[in-house]
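[1] Here is a sequence together with a model predicted from it:
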Amino acid sequence: MNSNLRLLIVDDHNLVCNGIKFILTESEISTYIERIDTAYGGEEGISKAIAFDYDLILMDVEMPEVNGIKATSKIMIEKPESKILAISMYGDMERVNGMLNSGALGYVLKDTGVERLIKAIKAVSEGKRFFSNQVALKLIEAGVEDLENPNSKGEVEDINLTRRERQILTLIFRENTNAEIGIELGVSKRTVDAHRLNILKKLGVKNTAGLIKYAVRKGYK
């Protein structure tokens, strides 16, 4: 990840902009951040995004006058190399598809935990896709395939997961962090980290989207 990240937060609510900015400056990712700018609305977001080269733009979706979909579309026309992460209270397919079709690489919900938000920022700033689990689930159900394999369409082969790995996968599917899973199962976070890596390797996927896709297709709840 770029060690001098330049971020722009676009949201029509000052409290949200400044809240996210504060969270990031107080988090583990702060050492990688060079600057964080804010824009209080889509029009201001477009102006700042075009005027300055940001490594990542966090874009609210629902804003008056110029919403996140329109702002993203305009920014991508002017600066197609821009990396945009949608962040919203809403995860319906109309908004998700609108943002993705406009050029956003990821979509996270505003109730996402700090750990997941940081992962999203790291991923999208590197040009990778990232989705909240709920959004990933809706994309899978809507037939948007190959979020991260496995097997892009149809039935998914049975993978020989241990009982503990199946427990952990279920808790991942339910949006628990590794630390929360450790508490739930009475083991250390490091142990959960190791199990998670093993599950990724067994399934042949790279991230949570791949785990969620497998879990959905195998009927996890």
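    Arrived safely, thanks for sending.
[2] Domain ranges for the chain, per the record?
    Domains of the chain are assigned by automatic domain parsing as 5-141, 163-217.
[3] Tell me which of the ones you listed sits most buried.
    Sort the domains of the chain by mean neighbour count, taking mean count of other CB atoms under 10 Å, and domain 5-141 sits at the top with a mean of 19. Glycine gets a C-beta too; all of them are placed from N, C-alpha and C.
[4] Columns mean pLDDT on top of the domains of the chain, output as a markdown table?
    Below are the domains of the chain laid out as a markdown table (pLDDT from 0 to 100):
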| stretch | mean pLDDT |
| --- | --- |
| domain 5-141 | 93 |
| domain 163-217 | 86 |
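[5] Show me what the helix or strand hosting Arg6 is packed against.
    Assigned by DSSP states H and E, Arg6 belongs to strand 5-10. Judged by 3 or more CB pairs under 8 Å, 6 or more residues apart in numbering; DSSP states H and E, strand 5-10 is in contact with helix 14-25, strand 33-39, helix 42-51, strand 56-60, helix 114-125.
[6] which stretch among those comes nearest Arg174?
    Closest approach to Arg174 among the helices and strands packed on strand 5-10 (CB to CB): helix 114-125, 13.1 Å.
[7] For that closest one, which helices and strands make contact with it?
    Using 3+ CB pairs under 8 Å, 6+ apart: helix 114-125 touches strand 5-10, helix 14-25, strand 56-60, strand 84-88, strand 106-109, strand 130-131.
[8] what about the longest one, distance to the chain center?
    If I follow you right, that is helix 14-25. Centroid separation between helix 14-25 and its chain, computed with CA atoms, centre = their mean, to the nearest Å, is 17 Å.
[9] That one to strand 56-60, inter-axis angle?
    Helix 14-25 runs at 150 degrees relative to strand 56-60, counting by axes from the mean of the first three to the mean of the last three CA atoms, to 10 degrees.
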